[in-house]
Structures are given as structure tokens and as C-alpha cells.
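my questions are about this predicted structure, shown below with the sequence.
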Amino acid sequence: MQKFIDEIQNAKTLNELENLRIAVLGKKGSLTAEFAKLKDLEGEEKKEFAAKINQLKENFNKAFNEKLQVLQNLELDAKMQKEALNFSYFDENAKKGALHPVLSTMDKIIEYFVALNFSVEKGPLIEDDFHNFEALNLPKSHPARDMQDTFYFNDERLLRTHTSPVQIRTMLSQKPPIRMIAPGAVFRRDFDLTHTPMFHQIEGLVVEAGQKVSFANLKSVLEDFLRYMFGEVKVRFRPSFFPFTEPSAEVDISCVFCKGCGCRVCKNTTWLEVMGCGVVDPNVFQFVDYKNVSGYAFGLGVERFAMLLHQIPDLRSLYEGDLRLLEQFR
Ligand code: PHE
């Protein structure tokens, strides 16, 4: 028996090992033959012999199983070596992909705010009435809820029309202070030169305890942000209205195309409207049960930023997958 156990140690393949098992414990195996002898023995003698061969079987099985483990691991290693992919392989001539201009613009914007310690929050694309409208101080009668703009599933469920519901979700799940942005897709029933039914926004929200946050903070952050995006542009804040901010403003930059001479893109106004913003309306804080805080919020359309950055005249071309456009962004 020791001879077999030695042979097990020397086995090089799973096949050899299996042959040994058959030689010992198979139908015609040497140990199987010993077990067969039991029927001719009796009493004390049978007991002793049974104990002896069971011990042998146990020793054999132990050695066998240990070796089995070792050989199986070796086989697996060899298989993985053989099938391994060489990730360092580099094909000089391969065509390289590139980020879509909407994505790279989004990344550039996110990088700015992450550097200012803003967190990046997410929310669902399928929203409910409460988060998309009600808690943002948009009562049932507000025109922005018109069937014209919103894709509804039913009275309660809809495709979010802006990223502002992420403001509500973040405030409901976190305590102030809050510094967040929320990038993502939004949906509106609109399709023409300057609108696609799906586009991307980046939302921003800052909330601090007490009266720390003012319109002046908002202004300085957005002015710096817009110069980071577009270089030395003039920035102006125009009074506007959003139900969830008061006061509210629309932000314009001096036209990046004509630099003040007047052109088709700025419709001869020399200004381009780039984002909405304002001081968070106290009603919004009531909906999320925030007391004694102040904050500001802003929202921008990523496609519009991408078009202005890369001088793309038609918004729809961003979604036609035309390689003649996309290849320019390699
Ligand atoms: N949610 C607004 C829109 O989609 C943009 C906005 C966000 C305005 C935050 C003010 C503050 O038009």
C-alpha cells in the first residue's frame, strides 16, 4: 500500500492519479480485493482485518485528495496562463475612440465643481410628481406641468423634466450643509433646431446653516465657473423666474462666436443665455423640513455648453451618430 501512496506523490497528471485510484479502489483494485476477503473471515480476526484495511483506505484517500487538490490547482493555473489576455498589447494603427462631446463637456463641468468639494448626486429618470414638481414649489396649476412639456406615464409618474428633483432627494436624505451637483438626462416633449426630447442637465445646490449663503456667493461661483469653461467672457445676470428660487436669474455670457459684433448664434444680441439660477425659495426648504438654512441653486443644459464650446450649430447633430462629426473629437 505504501507503494501506491508513494506513487500518488509522484503523479504528474490528473490522469495518472485517476489510474492509481482505479488500481487501488476500482472494481479490480488491490484494496477492493482485500475488502472481498472479509466475507471469508469471522469474529475477532474479521474485526482486526477490517480495521486494518479501512485504515489503509483512509490513508490512501487522504493522500489521493491532497494530491487531487494540488493537481487541479496546477491545471487551473496552466489554463489561465494559456487563456490570459495581454492587455499591454498596443496597436499603433488601431482607430482610437473618443468621448462624445456631450460626455466630455459633462466631465469638464463636473471636474470644476468636484474641485470645489461638491458631491456628485444621482436620481431616477422616472420621477414622481412630488419630487419633479410639488416639492419644488410647482403647484398643480403651474404651466411648466403642461402636457406639452412633460412625458407622463400617469398622474403620478413621469420622465423627469429637469435635474432639480435631485435637489429634493438629496435634501431629504442628507443633513445640511450641502454642496452637490447632479448631472444626468432629462426629458421634454420638444423637438426642433435647438431642442431634443432627451438632453442633459447639471444641477447645482448649496445649502448652509443660517444666513451664510447669498446671491453674491452664487454670482461669484458662477462667474468663475463660466470663465473656466469659456475663457475671458463677460457674464451678466438677468432677473428671471423659477418657482423654486427667489430671487431668480438667467445667466448670459458675451457671445463666444462674434465676440460682441453680433451674429446668427446670439441673434445679434451679443449675449448667449447659458443657465438658470437663484436663491433657494423658503417654500422648498419647508417641503424637505430644513429649518434655519440658506442656499442657492443653478441648472444648465450640457448640450448647449457642448455646442458653444465646439461651435456645433445644430443640436440634433449631437445625436445622429454621424462619424464625420464624431471623428473631430478624437
Ligand atoms: N430646473 C431649471 C430648468 O430646468 C433650471 C434651474 C435649476 C433654475 C436650479 C434655477 C435653479 O430650467
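Received it, and whenever you're ready, just let me know what you need.

what's the neighbour count on the closest residue to the ligand within the stretch 101-250 of the chain?
Evaluated by Cβ to the nearest ligand atom, the stretch 101-250 of the chain has His162 as its residue closest to the ligand, separated by 3.3 Å. From N, CA and C alone the C-beta is placed, and that goes for glycine too. Under the neighbour criterion other Cβ atoms under 10 Å, His162 is assigned a count of 24.

give me the three-state assignment for the closest residue to it other than its chain neighbours.
With Cβ to Cβ, 6 or more residues apart in numbering as the criterion, His162 has its nearest non-adjacent residue at 5.3 Å, and that residue is Val186. Here Val186 is strand, with the state taken from DSSP: H, G, I helix; E, B strand; the rest coil.

can you name the residues bridging to Val186?
Each beta-bridge partner of Val186 is listed here: Phe199, as defined by DSSP bridges.

mind listing what the nearest residue to Phe257 once chain neighbours are set aside touches?
With Cβ to Cβ, 6+ apart as the criterion, Phe257 has its nearest non-adjacent residue at 4.7 Å, and that residue is Val265. Under the criterion of Cβ atoms under 8 Å, 6 or more residues apart in numbering, the neighbours of Val265 are Cys255, Phe257, Cys258, Leu272, Pro313.

next one: Ser294
Taking Cβ under 8 Å, 6+ apart as the definition of contact, the neighbours of Ser294 are Val207, Glu208, Gly210, Gln211, Lys212, Val213, Ser214, Val279, Val280.

can you rerun that using 6 Å?
Listed by Cβ atoms under 6 Å, 6 or more residues apart in numbering, the contact partners of Ser294 are Gln211, Val213.

what's the helix or strand for it?
Under the criterion of DSSP states H and E, Ser294 resides in strand 293-301.

centre of the chain to that strand, how far?
23 Å (Cα atoms, centre = their mean, to the nearest Å).

same check, this time on stretch 297-311
21 Å.

repeat that for stretch 211-224.
29 Å.

what separation is there between His200 and Arg188?
Applying Cβ to Cβ, to the nearest Å, one obtains 12 Å for the distance of His200 from Arg188.

neighbour count winner among the two?
Comparing His200 with Arg188 by other Cβ under 10 Å, the one with more neighbours is His200, at 22 against 19.

would you check that the more buried one makes contact with Gly301?
No: under the criterion of Cβ atoms under 6 Å, His200 makes no contact with Gly301, lying 7.2 Å away.

for the residue in the stretch 151-300 of the chain positioned nearest to the ligand, which residues make a bridge with it?
Residue nearest to the ligand within the stretch 151-300 of the chain: Gly299 (2.6 Å; Cβ to the nearest ligand atom). As for beta bridges, Gly299 partners with Glu203, Gly276 under DSSP bridges.
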